[in-house]
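Below: sequence and its predicted model.
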Amino acid sequence: MIASQKISGTQIATLLFIFLVITALMITSEITADKAGESAWISIVLSMIVGLIELGIIYNLGMRFPRKTLSQYSEILLGKTLGKILSFAYVVFFMALSIFVSRLFTSFITVNLMPETPTIVFYFFLTLMGAYAVSKEIEVIARMAQFILPIAVFALSFLVIFPILNADFSQLLPLFDKGVSAVLRGSLVPSVFFGEIIILVFLMPLVNKPQEVLKKGCYSIVAAGLFITLITAITVAVFGPEQTRSLAYPFLHLAKAIKILGIQRLEYFVIFIWVSGLVVKIAVLYYVECFALVKLFSLRDKRIVILIVGIMQVFLPNYLFKTPFQVAPFINIFWPPVAFLFELVIPLGLLFLAIIKRKKVRRLD
């Protein structure tokens with residue numbers, strides 16, 4: 001039976017850190033530099049604050065409905081029919097996110113490492129690894145994240161420390177050169193990435209001490225935010241805002257600029273860590289999709305769900321994104337309003353409804 005295991009507050013913090021930093025690391029510098037120029041790093045700080053607000057909303061919902069997932073308390077608040085519709089909508093949302101992350105991964109690998117390999121091969125192996133992790137339940141995925149975390153922090157520290165020798169921090173000035181509105185626009189896509197902590201609406205009941213989620217979640221968001229802020233600032237300081245906005249995968253170019261004691265090509269180490277973290281992210285999304293479907297339809301056997309979701313994750317990315325060039329418009333135009341709906345608007349609405357309904361119950365009492 002899925003979700004028979006529990007994870008600790010430290011494990012959920014580790015999962016969240018890996019989950020948040022992996023996608024943002026890949027494309028945030030390029031997107032924020034395009035919108036905010038020299039002040040790109042400020043956009044990251046603002047988006048981190050949005051993530052903390054969303055965490056507070058999710059935590060309050062989780063504590064009002066202990067040991068219940070969104071699937072369960074949405075039925076309490078909205079009724080059985082609307083609750084199930086909302087739960088299924090979240091499954092579709094997580095699947096769309098998983099497909100987008102998979103497409104981002106395969107685009108990166110085919111462009112930089114294996115251009116002749118059919119993309120469906122990558123989707124198959126990525127899904128296979130995710131399915132294996134899901135079959136072993138959430139604790140195994142959490143342990144994978146704990147194994148990767150120290151190596152990932154070490155690799156990210158490389159990206160922060162060593163390029164400083166080539167950095168010109170005057171390229172970060174003047175602040176707000178494009179205006180405050182440009183900085184706010186630059187924060188939209190990173191805010192969506194930080195908003196991915198919405199997975200907690202399904203994972204929080206699996207934490208053995210749910211009261212730790214707020215503190216541990218804050219640690220994860222702030223740590224991820226600091227790394228992404230520093231890497232964005234250093235990327236702009238090394239390449240300048242104009243070149244950063246035109247770079248595909250700026251973090252890779254930053255890694256290529258690192259030379260230690262004559263040792264070059266350290267970007268392959270960074271790529272290895274990034275790919276490992278992305279496997280964890282795909283596994284978490286895969287697990288949440290299956291977990292939500294099992295809860296939604298009260299299923300006892302998760303294997304058929306794992307199989308159906310896996311087939312969709314192998315074939316849908318190429319169907320929805322026929323070329324890598326379709327990913328950028330999706331990120332910048334289509335995805336932010338959809339993501340904000342599921343990450344902020346709906347949870348805030350459910351929390352407001354929970355407060356109102358509780359007040360009504362108290363009045364009747």
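Noted; the coordinates are in hand. Numbering: from 1, shown residues only.

Can you name the element that comes right after the helix of greatest length in the chain?
Criterion DSSP state H: the longest helix present in the chain is helix 80-112. The C-terminal neighbour of helix 80-112 among helices and strands, as given by DSSP states H and E, is helix 119-135.

Mind listing what's buried along that following helix?
119, 122-123, 126-127, 129-131, 133-134 (16 or more other C-beta atoms under 10 Å). In this view, the C-beta of every residue, glycine as well, is placed from N, C-alpha and C.

Quick check: mean pLDDT of it?
The average pLDDT within helix 119-135 is 87.

starting at the chain centroid, how far to the helix or strand just after that helix?
For helix 119-135, the succeeding helix or strand toward the C-terminus, using DSSP H and E, is helix 138-161. Centroid displacement of helix 138-161 relative to its chain, using C-alpha atoms, centre = their mean, to the nearest Å, is 15 Å.

so what secondary structure elements neighbour the following helix or strand past helix 138-161?
Counting by DSSP H and E, the next helix or strand C-terminal to helix 138-161 is helix 180-186. Where contact means 3 or more C-beta pairs under 8 Å, 6 or more residues apart in numbering; DSSP states H and E, helix 180-186 is packed against helix 9-36, helix 40-64.

looking at those, which is closest to F108?
helix 9-36 (7.0 Å; C-beta to C-beta).

Can you list the residue ranges for helices in the stretch 151-300 of the chain?
For the stretch 151-300 of the chain, the helices defined by DSSP state H, counting those that start in this stretch occupy 180-186, 188-194, 200-203, 213-239, 241-246, 250-256, 267-296.

got the angle between the last one and helix 80-112?
In this case it means helix 267-296. Using axes from the mean of the first three to the mean of the last three C-alpha atoms, to 10 degrees, the inter-axis angle of helix 267-296 relative to helix 80-112 is 160 degrees.

For helix 267-296, name the packing helices and strands.
With 3+ C-beta pairs under 8 Å, 6+ apart as the test, helix 267-296 has helix 9-36, helix 70-78, helix 80-112, helix 119-135, helix 138-161, helix 200-203, helix 250-256, helix 303-320 packed against it.

Between helix 138-161 and that helix, find me the angle.
Using the same axes, to 10 degrees: helix 267-296 against helix 138-161 is 150 degrees.

any idea how far V288 is from K357?
When distance is defined by C-beta to C-beta, to the nearest Å, V288 is 26 Å away from K357.

more neighbours, the two?
V288 (25 against 13; other C-beta atoms under 10 Å).

on that earlier part again, out of the helices of the stretch 151-300 of the chain, which gets nearest to N112?
helix 250-256 (6.7 Å).

which parts of that closest one are buried?
Applying 16+ other C-beta under 10 Å to helix 250-256 flags 250-255 as buried.

got a pLDDT number for K178?
87.

Quick check: closest non-adjacent residue to it.
Nearest residue to K178, sequence neighbours excluded (C-beta to C-beta, 6 or more residues apart in numbering): G37, at 5.0 Å.

List the residues that contact the one you found.
Contact analysis of G37 by C-beta atoms under 8 Å, 6 or more residues apart in numbering lists 177-178, 182, 241, 245.

and with 7 Å instead?
177-178, 182, 241 (C-beta atoms under 7 Å, 6 or more residues apart in numbering).

same thing with W41?
229, 232-233.

Let me have the helices and strands packed on helix 180-186 in a markdown table, adding mean pLDDT and distance to I333 as columns.
Formatted as a markdown table, the helices and strands packed on helix 180-186 follow (pLDDT from 0 to 100; distance: least, C-beta to C-beta, whole Å):
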| stretch | mean pLDDT | distance to I333 |
| --- | --- | --- |
| helix 9-36 | 90 | 12 |
| helix 40-64 | 95 | 17 |
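
now, of those, which is deepest in the fold?
Sort those by mean neighbour count, taking mean count of other C-beta atoms under 10 Å, and helix 9-36 sits at the top with a mean of 25.

Need the nearest residue in space to N318, chain neighbours excluded.
Nearest residue to N318, sequence neighbours excluded (C-beta to C-beta, 6+ apart): T119, at 6.0 Å.

swap in S71?
Nearest to S71 is S87, by C-beta to C-beta, 6+ apart, at 4.1 Å.

you'd agree the one you found is up against K68?
No: between S87 and K68 there is no contact under C-beta atoms under 7 Å: 11.8 Å.

Between these two, which is the more surrounded one?
It is S87, of S87 and K68, that has more neighbours when counted by other C-beta under 10 Å, with 23 against 18.

check contacts around the more buried one.
70-71, 74, 292, 296.
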